[in-house]
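In: Test case, fold it:
(chains A and B)
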Amino acid sequence: MTTTPRQVVVTGLGATTPLGGDVASTWEGLLAGRSGARRLTEDWIEQLPVQIGAPLAVELPLGRVEARTLDRSQQMALVAAREAWADAGSPDVDQERLAACVASGIGGVITLLTQHDVLREKGARRVSPHVVPMLMPNGPASTVGLEFKAKAGVHAPVSACASGSEAIALGLDIIRAGRADVVIAGGTEAAIAALPIAGFAQMQALSRRNDTPETASRPFDKARDGFVLGEGAAILVLEAAEHAAARGARIHGTLAGAGISSDAYHIAAPDPTGAGAARAVRAALRSASLAPTDIIHINAHATSTPSGDVAEAVALRSALGNHIDEVAVTSTKSMTGHLLGAAGAVEAIASLLALRERIVPATRNLDALDDEIALDVVSIDNRKIGTGAALSNSFGFGGHDVCLAFTV
Amino acid sequence: MSQDILAGLAVILEEVAGVDPADVTPEKTFIDDLDVDSLSMVEVVVAAEEKFSVKIPDDDVKSLKTVGDAVSYIQRAGVAA
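Out: The predicted structure follows:
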């Protein structure tokens, strides 16, 4: 016996990214092909081999006390969640039927590092009493849950750069399982600091195009040399379709399904066969009751690393067969940089808006497609698309693979 | 003297917890009236120690329910020092 799962729709969107302080400006930036990457000017940057990043486009609109008691990742999540909640019409929801799933790949690393400096320089008495709630990886989820009084559960799945997508996938599961009617879901990351940059640089994961930051993130391009570390947050309000219909909510689209798998291959390197990623894509299609031929657009994980982009291309062909030749693929990381645990949430919004507005933002800096990438990557100009379904991929260090499926 | 301490506490409370200085009067309780949570209370205490050059041991903090309690404590501790 099979039963049709509860349908889950998206009724609110919010974001603060390297392209803009909200969803509208971020989407406008993607369509305009703007780069959020720039040369960093912090005083610690000179000691590092990588001196570029993609910081937030605008300052966070928060009060002084919020700024003092919340890690930057919590602040960004709160700002994005407030926008998403307002966008959803600030619904009057039964708090015991409201959950929050807000993920971060690294957590409050800036707090950890700056408070460690306080400890060493000024002593234990001067360490902030807020330090533990600020650095714990569930801090952003808890902050968002407190803001909207979510009492059906607050979750923070941690899976490195797949965290934001996994949080959205968990939100889908929670609503399908009947544990909540509304879930505030997404990701946040604030890791532009010396130690994370030094660490990613030691992994040879970051682009070293210090003199031309706008061209540094170049997914699928022959000359790509690593990702650009970005920061930001994106939040979606997920809602059971019948709940949204009952309150007459405006619906952006449907979160049709999600697939999760793991590589079991290496702690950081992608499986070159793309087997794990392909399993996540197939699982998302099954979860969404979609056929490969329903897919018209894919927002790829494609971070601009030499090995990752190729493995994803292999995985997509493996999962969708030759239909992949008909799919408009893009990597919006060419503009936003890589927002780690927030990336999947930003790209979920980009995929949904691409479907709704029927236009795929072009991948920037794609001057010469890598011979090993057999994908129809949208480049140079944005491309109009018809109607169908979209996929958004996210993969993370640790071998995490998550694929989300959207329809409108 | 106590007026100076009261004014100093008001500055700290505004900085740490966003409390309107006009609300900082001796009879107000930190937690219920001024909405200063237990974590922010630690920040207030550490800032007060620094500002008034006194020591406020953690065990004594529990007895400081109102702004007036804190003013008298700091006044006494300052004299003792």
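In: quick one: contacts for the closest residue to A:Pro18 other than its chain neighbours?
Out: For A:Pro18, ignoring the flanking residues on the chain, the nearest one in space by Cβ to Cβ, 6 or more residues apart in numbering or on different chains is A:Gly36 at 2.6 Å. From N, CA and C alone the C-beta is placed, and that goes for glycine too. Residues near A:Gly36 by Cβ atoms under 8 Å, 6 or more residues apart in numbering or on different chains: A:Thr17, A:Pro18, A:Leu19, A:Gly29, A:Ala54, A:Pro55, A:Ala57, A:Gly230, A:Met335, A:Thr336, A:Gly337.
In: Name the residues of chain A found near chain B, please.
Out: Contacts of chain A with chain B, taken as Cβ under 8 Å from any Cβ of the partner chain, map to A:Gly63, A:Arg64, A:Val65, A:Arg68, A:Thr69, A:Arg125, A:Arg126, A:Ser128, A:Pro129, A:His130, A:Pro133.
In: Strands - which of these land there?
Out: Within the residues of chain A next to chain B, no residue falls in strands by DSSP state E.
In: Out of those residues, which comes closest to A:Val378?
Out: For the residues of chain A next to chain B, the residue nearest A:Val378 by Cβ to Cβ is A:Gly63; the value is 40.9 Å.
In: tell me the contacts of the closest residue to that closest one other than its chain neighbours?
Out: Excluding its sequence neighbours, the residue lying closest to A:Gly63 (Cβ to Cβ, 6+ apart) is B:Gly18, at 6.5 Å. By Cβ under 8 Å, 6+ apart, the contact set of B:Gly18 is A:Gly63, A:Arg64, A:Val65.
In: Looking at neighbours, which among those is most surrounded?
Out: The member of those that has the most neighbours, counting by other Cβ atoms under 10 Å in any protein chain shown, is A:Val65 with 15 neighbours.
In: Ignoring the adjacent residues along the chain, who's closest to that one?
Out: Among residues not flanking A:Val65 along the chain, B:Gly18 sits closest, at 3.9 Å (Cβ to Cβ, 6+ apart).
In: Neighbour count for the contacts of A:Gly36 - can I get that in JSON lines?
Out: Shown next, in JSON lines, are those (neighbours: other Cβ atoms under 10 Å in any protein chain shown):
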{"residue": "A:Thr17", "neighbour count": "35"}
{"residue": "A:Pro18", "neighbour count": "27"}
{"residue": "A:Leu19", "neighbour count": "27"}
{"residue": "A:Gly29", "neighbour count": "21"}
{"residue": "A:Ala54", "neighbour count": "29"}
{"residue": "A:Pro55", "neighbour count": "18"}
{"residue": "A:Ala57", "neighbour count": "19"}
{"residue": "A:Gly230", "neighbour count": "28"}
{"residue": "A:Met335", "neighbour count": "31"}
{"residue": "A:Thr336", "neighbour count": "33"}
{"residue": "A:Gly337", "neighbour count": "33"}
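In: nearest to A:Ala405, of the residues you listed?
Out: A:Thr336 (21.3 Å).
In: which parts of chain B sit against chain A?
Out: Going by Cβ under 8 Å from any Cβ, the residues of chain B near chain A are B:Glu15, B:Val16, B:Ala17, B:Gly18, B:Leu39, B:Ser40, B:Val42, B:Glu43, B:Val46, B:Glu49.
In: Closest to B:Ser53 out of the residues of chain A next to chain B?
Out: A:Arg125 (13.9 Å).
In: give me the element the residue lying closest to that closest one once chain neighbours are set aside is part of.
Out: Spatially, and ignoring its direct neighbours in sequence, A:Arg125 is nearest to B:Val46 (6.1 Å; Cβ to Cβ, 6+ apart). Here B:Val46, judged by DSSP states H and E, is contained in helix B:38-52.
In: immediately after that helix, which helix or strand?
Out: helix B:58-61.
In: Only the buried residues of the helix or strand following that following helix, if you could.
Out: Going down the chain from helix B:58-61, the next helix or strand is helix B:67-80, by DSSP H and E. Judged by neighbour count (16 or more other Cβ atoms under 10 Å in any protein chain shown), helix B:67-80 contains these buried residues: B:Val67, B:Gly68, B:Ala70, B:Val71, B:Tyr73, B:Ile74, B:Gln75, B:Ala77.
In: correct me, but the fourth one touches B:Ala10?
Out: No - because the distance of 10.6 Å does not satisfy Cβ atoms under 8 Å, B:Val71 is recorded as not touching B:Ala10.
In: Let me see the domain layout of chain A.
Out: Per automatic domain parsing, the structural domains of chain A span A:8-246, A:257-407.
In: Give me the mean pLDDT for the shortest one.
Out: In other words, domain A:257-407. Domain A:257-407 shows a mean pLDDT of 98.
In: What's the end-to-end length of that domain?
Out: Domain A:257-407 has an end-to-end distance of 9 Å (criterion: Cα to Cα, to the nearest Å).
In: same question, stretch A:25-41
Out: End residues of stretch A:25-41 are separated by 24 Å (Cα to Cα).
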